[in-house]
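Whatever this is, show me its structure:
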Amino acid sequence: LQLVESGGGLVQPGGSLRLSCAASEYTLDYYAIGWFRQAPGKEREEVSCISKSDPTPYYTDSVKGRFTISKDNVKNTMYLQMNNLKPEDTAIYYCAADPKPGDCSGGPWDYWGQGTQVTVSS
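Got it, this is the predicted structure:
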């Protein structure tokens, strides 16, 4: 499974961005999908994920109500819609996929995108 990200950039506080992550070789139906981020000097953080068996998404508390994870089965692409962005959302964002069953949050992830920079600044 290969994952290719796009959609990062510079946005003002309060603005929106949509990140995309296109998968190739295998359908995302067989994988849990997730988005992570890593800010300078900080550990990588799991932002959101959806498991294979449960469509209810997980969100870390700091993005609840502002970010939305989704997947387009026809395009075999996952998305992260980010609204009301804040300077503390500045980070490199990574998409990920893993065939693991059960809860998507926590644990290892096998496949990763290359990362895309999101900068929130006025």
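
Quick check: end-to-end length of stretch 112-122?
Counting by Cα to Cα, to the nearest Å, you get 30 Å between the two ends of stretch 112-122.

And the residue most central in space within the chain, which helix or strand is it part of?
Per Cα atoms, centre = their mean, the C-alpha nearest to the average position across the chain is that of Trp35, at 2.2 Å. Secondary structure assigned from DSSP states H and E places Trp35 in strand 32-38.

For that strand, list every residue counted as buried.
Within strand 32-38, the residues scored as buried using 16 or more other Cβ atoms under 10 Å are Ala32, Ile33, Gly34, Trp35, Phe36, Arg37. For every residue, glycine as well, the C-beta is placed using N, CA and C.

hey, what's the last one bridged with?
According to DSSP bridges, the residues that bridge with Arg37 are Glu45, Tyr93.

Would you mind measuring from it to Trp112?
Separation of Arg37 from Trp112 (Cβ to Cβ, to the nearest Å) stands at 12 Å.

Which neighbours do those two have in common?
Shared contacts of Arg37 and Trp112 (Cβ atoms under 8 Å, 6 or more residues apart in numbering): Tyr94.

residue boundaries of the strands in the chain?
2-6, 9-11, 17-24, 32-38, 45-50, 58-59, 67-72, 77-82, 91-98, 111-112, 116-120 (DSSP state E).

Export those to a markdown table and append columns for distance to Ser105.
What follows is the strands of the chain, written out as a markdown table (distance: least, Cβ to Cβ, whole Å):
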| stretch | distance to Ser105 |
| --- | --- |
| strand 2-6 | 19 |
| strand 9-11 | 26 |
| strand 17-24 | 18 |
| strand 32-38 | 8 |
| strand 45-50 | 6 |
| strand 58-59 | 5 |
| strand 67-72 | 12 |
| strand 77-82 | 15 |
| strand 91-98 | 11 |
| strand 111-112 | 16 |
| strand 116-120 | 21 |
